[in-house]
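Asker: following is a predicted model, sequence given first.
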Amino acid sequence: MSTSSFRRCAFLVGLVLLVTLGFRPGRGEEGQWPLSRIASLDLKAKGIEIPASEIWNSSRASLVDAVCRVGGATGSFVSSDGLILTNHHVAFRGVQSISTPEKNYLRDGFAAKDRKDERSARGYTCRITVGYRDVSAQVLEAAEKVEDPAGRSRAVREAMARISKEAEKENKGLTAEVSEMFQGSSYVLFLYQVIRDVRLVCVPPRAVGEYGGEEDNWVWPRHTGDFAFLRAYVAPDGTPAVYSPDNVPFHPKRWLRVNPKGVSEGDAVFLLGYPGRTYRHQSSWFLEVEERIRLPFYSGLFAEEIDIMEEASAKDPAVALALSPEIKGKANVEKNFRGKLLGMKRLGLVQKRRTEELEMMDYIEADPARGKQIGDVLGDLEAIYREVLAEGVEPHLLGRLTRDCKGMVLAQDVMSGAALRMRANGRRPAIWRDGAEDKRRARWESMLATHYEDVDARILAAILRRIVAVADAQEDTDWLAEVLSWMERHGPEGKGRDALAVARAVYAKSHLFDPATMEEMIQKRPEEVLRGGDPFVELSFIIQDPVQNFRRSAGVRRGKLDPVMARYIAARQLFRQENFCPDANSTLRMTTGHIRGYSPRDAVWSKPITTLRGVVEKNRGEEPFNAPERLVKLWESKDFGDYASPELGDVPVGILYDTDTTGGNSGSPVMDGKGRLVGVNFDRCFEATINDYQWSEDYSRSIGVDIRYVLWVTDKLMNAQWVVEELTAR
Ligand code: ASP
C-alpha cells in the first residue's frame, strides 16, 4: 500500500471507530488525543481557530509533519531547512559528548558560526509520523487460540513484529512499528520516516538552559531557558543517511511559523508531541505496586546514587562533566517519583481507585449480560498483582545491579562475548568477529569513560546493602543467600556483611577494567572465564537464573494480564460511558489547554507567565542560580530588543498552561489558536507529577519556555542572529 492510500485507509478506520464508539469529550482539558481522534474534537470550543485538517491530514502536509521525535522526546521543525527546536535537556547528551573540561560547551553554550560549523549530535535520530492503521484484529487473531499465557504474550509480540516487517516491505524507506493503545485490545501500526544525521546548531549555556537545576526542576514559577536548536540532515538525494559531511539539510513537508508576539494569560494553546507513558487506566492493584514498591525503591536508591556522584563531581570538573548526563537523568526521575508518591498519598489514590472499581462492578453486575462479559475482573487482577507484591523489590534490585554497577556491565559483556565467540565467525554479531578488535576496544573504552572506582564501589555498596536487608527480612532467600555467600568469599576477612568493604574489595580485585584483559577473556570458553574467579563474572553467573526466572514470570503475567485488562478497560468504558483516550505510549498525541495559573497551596495563587526580572531576582551568582553576567547586564540596560511583552514591560520567560502532558512531551511545540509557535514545552509543576496516574484541572499544569525568551537568548545572549533570521523568515 502506498503512503497516501495508507493514510486514507487509516483515516477511514478512525472514522469507523468513532461512529461505533461515539464521542464525549474528556473533562477539563484532559486528553492526549491520538491522530485518529483529532478530526472529531470540537476545536472551536477549545479556542483553536484552525481546522482539524490543518493539524493532521492523511493526504497533504499538516502540522504533524512539522513535529518529530528526537532524543527520546519531541522537537519541531522551525525552518524549511530542517532546523529543529527542542529542549536543552534533550540536546544535553549531544553537547556533553562534544565538550571537554577545556572546551566546555555544556557550561558555556554552543552556537555554530554557520551551517558548516554544526556538530554531529552522535546517537541522535529524528522520526516523523507518516501514517497509521488499526491492526487490532490481526494482532488479536494471532493470540486468540493460544491458551498458555506466556505463549499468548509471545504470539502478540510476534504478530506486532510481523505486521511491522510487512509494512516496511510495502513502504520502502520507512520504519514501521505497532503500538499497543489499550492493553490486550487495541493495536495500531505507525509508519515513520527516520532521519539519522542530527546536528547541534545552538544550545544556550547550562546556566540558562538548566537555570535553577534540580532545585527548580518540576517547579513553578520557573525561569529556565530549556531550549536548543538542532538540525536534521539527509543524503544529497534526500534519503535518510548516517552522518556524512556530504549530507544536506532535510526539507520537511511542513515547518512551524513563529508568533513573535507570543501569548497572554487566558489564551488557548495546543501541543503536538510524543508523550511517553501514563497509567490512567490501570487498576488500583497496579497503583498499589507503584506506591509500595517501584516508586519508593527507585527514588530511594537514585537519591543515594546521585549524592555519591555529586560528591565526586564537586572535587573534579572532569568527573562532573563525565557523570553529568547520568546525574541529570537520575535526578529527574528521583524528584518525579518523589512527587508522585506525595501526590498518591495526598489523594489517597489507591483507595480512591479501589472505591471507583467497586462502584464500577456494581454497575456492571446490575445487568447479567454485562456481568457475564466482564466476569470477575477485579479478582483476576488481584491474583496477578499479589504475585508482583510478593516479588517485592527483588527484580528491581537485580535490574539495577546489572545496570548501575560498572563491574557487572563489563562482566556481562565479557560473558556474552565469550559465549557468542563459540559460534562460527560469520554467525557472530559483528562486534564479536575476528578483526573487530578495535571496535571492541572502543566500546569498552567508552564504557570505562565513566568509571571512577570510588564512585562505582559506593554505588555497588548501596545496592548490596539493600540486598542484605531483603535477605535478612525473609526466610526464603534462594539467590539472595548466594549473593551473601559471594560477599563473604570476596569481602575482607570478617567483613562479608559490610557492603562498602566488600564493594571496595571486589573493585580492587577485578581485572575487568582493562580492555586488553577483556580481549583475552573473550578468547576463552565461558566456563574458563568463570573459573578465572573474577568477582563480577561470578556474581553475574549467580544472578543469571534469578534474572531469567523473574523475566519468565513477568512474561507469564503479561500473557494473563492482557485479556484481563481488555475486560477491565471495557468495564471502565461501559461504566464511564466514555470513549476515553488510550494511555500515552510514545506515539504522536495532541493536547489542548489555556495559559492559566493555579493554586499550589492554601492561599497561594501562581500567575502563569514569568519574566526576565525573575531570572535576575533568583540569581545568587552560584549554581544552580548563576545567571550569566551578560544576561544580567542586558536586563539592567533593558536591552529587550523586540522581544518584550508590552503588558509586562519585560521579556516573558516561562509559561504555564493546563494541557495534558508527560515525560516525552519535552520539546513539544506550544502553539496558539492559529497554529503558530509560541513556546517549547519542557516540564510540569510538582503537583502534576501525579498526572501520570490521575489528571486534574486543579493541579495539572505544564511548563514551557516562551518563544520570546528563546528569541531573546539566541539573539542577544548567544549572538546567533542567523538562527533567529532562519527561524523568523517568512
Ligand atoms: N520534563 C519532562 C520530560 O523530560 C516533561 C514532563 O514530564 O512533563 O519529558
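Answerer: Received, thanks.

Asker: and the residue of the stretch 251-400 of the chain closest to the ligand?
Answerer: Evaluated by Cβ to the nearest ligand atom, the stretch 251-400 of the chain has Asn332 as its residue closest to the ligand, separated by 6.4 Å. Every C-beta, even on glycine, is put in place using the N, C-alpha and C of the backbone.

Asker: contact partners of stretch 45-58?
Answerer: 4, 7-8, 10-11, 29, 35, 38-41, 43, 62-64, 131, 267-268, 270, 272, 590, 592, 594, 673-675 (Cβ atoms under 8 Å, 6 or more residues apart in numbering).

Asker: quick revisit: what sits against the residue of the stretch 251-400 of the chain closest to the ligand?
Answerer: Counting by Cβ under 8 Å, 6+ apart, Asn332 has contacts His89, Asn217.

Asker: helix or strand for it, which one?
Answerer: helix 317-347 (DSSP states H and E).

Asker: that helix: what's the following helix or strand?
Answerer: Counting by DSSP H and E, what follows helix 317-347 is helix 349-365.

Asker: so what touches that next one?
Answerer: 283-284, 287-288, 291, 343-344, 370-371, 374, 377-378, 571-572, 574-575, 690, 693-694.

Asker: just the buried subset of the contacts of stretch 45-58, please.
Answerer: By neighbour count, with 16 or more other Cβ atoms under 10 Å, those hold 7, 10-11, 29, 35, 38-41, 43, 62-64, 131, 267-268, 270, 272, 590, 592, 594, 673, 675 as buried.

Asker: so Glu304 sits against Ala462, correct?
Answerer: Yes. Under the criterion of Cβ atoms under 8 Å, Glu304 is in contact with Ala462, at a separation of 4.7 Å.

Asker: these two - which one has more neighbours?
Answerer: Ala462 (23 against 18; other Cβ atoms under 10 Å).

Asker: nearest residue to Ile522 other than its sequence neighbours?
Answerer: Gly417 (4.0 Å; Cβ to Cβ, 6 or more residues apart in numbering).

Asker: so whatever residue of the stretch 451-600 of the chain ends up closest to the ligand, which of the three states?
Answerer: For the stretch 451-600 of the chain, the residue closest to the ligand is Ala584, as judged by Cβ to the nearest ligand atom, at 10.3 Å. Put simply, Ala584 is coil when judged by DSSP: H, G, I helix; E, B strand; the rest coil.

Asker: helix, strand, or coil at the nearest residue to Ala584 once chain neighbours are set aside?
Answerer: In this structure, Ala584 finds its nearest non-sequential neighbour in Pro275, 3.7 Å apart by Cβ to Cβ, 6+ apart. Here Pro275 takes the coil state, with states given by three-state DSSP.

Asker: then Gly654?
Answerer: strand.

Asker: I'd guessed it sits against Gly225; true?
Answerer: No. Contact criterion Cβ under 8 Å: Gly654 and Gly225 do not qualify, at 9.1 Å.

Asker: the ligand contacts on the stretch 551-700 of the chain?
Answerer: Thr661, Thr662, Gly663, Gly664, Asn665, Ser666, Phe682, Asp683, Arg684 (Cβ under 6 Å from any ligand atom).

Asker: need the single longest helix in the protein, by residues.
Answerer: helix 535-576 (DSSP state H).

Asker: residue in the protein nearest to the ligand?
Answerer: Nearest residue of the chain to the ligand (Cβ to the nearest ligand atom) works out as Ser666 at 3.2 Å.

Asker: can I take it that that residue is in a strand?
Answerer: No. Under three-state DSSP, Ser666 falls outside any strand and is assigned coil.

Asker: dihedrals phi and psi, it?
Answerer: phi -60, psi 130 (degrees, to the nearest 10).

Asker: residues touching it, list them.
Answerer: Ser666 sits in contact with Ala73, Thr74, Thr86, Asn87, His89, Val90, Asn681, Phe682, Asp683, where contact means Cβ under 8 Å, 6+ apart.

Asker: how about the helices in the stretch 51-200 of the chain?
Answerer: 52-55, 88-97, 105-108, 136-144, 149-170 (DSSP state H, counting those that start in this stretch).

Asker: an error on my part: the question was meant for the stretch 351-500 of the chain.
Answerer: For the stretch 351-500 of the chain, the helices defined by DSSP H, counting those that start in this stretch occupy 368-374, 377-391, 394-404, 406-420, 437-448, 453-473, 478-490, 499-509.
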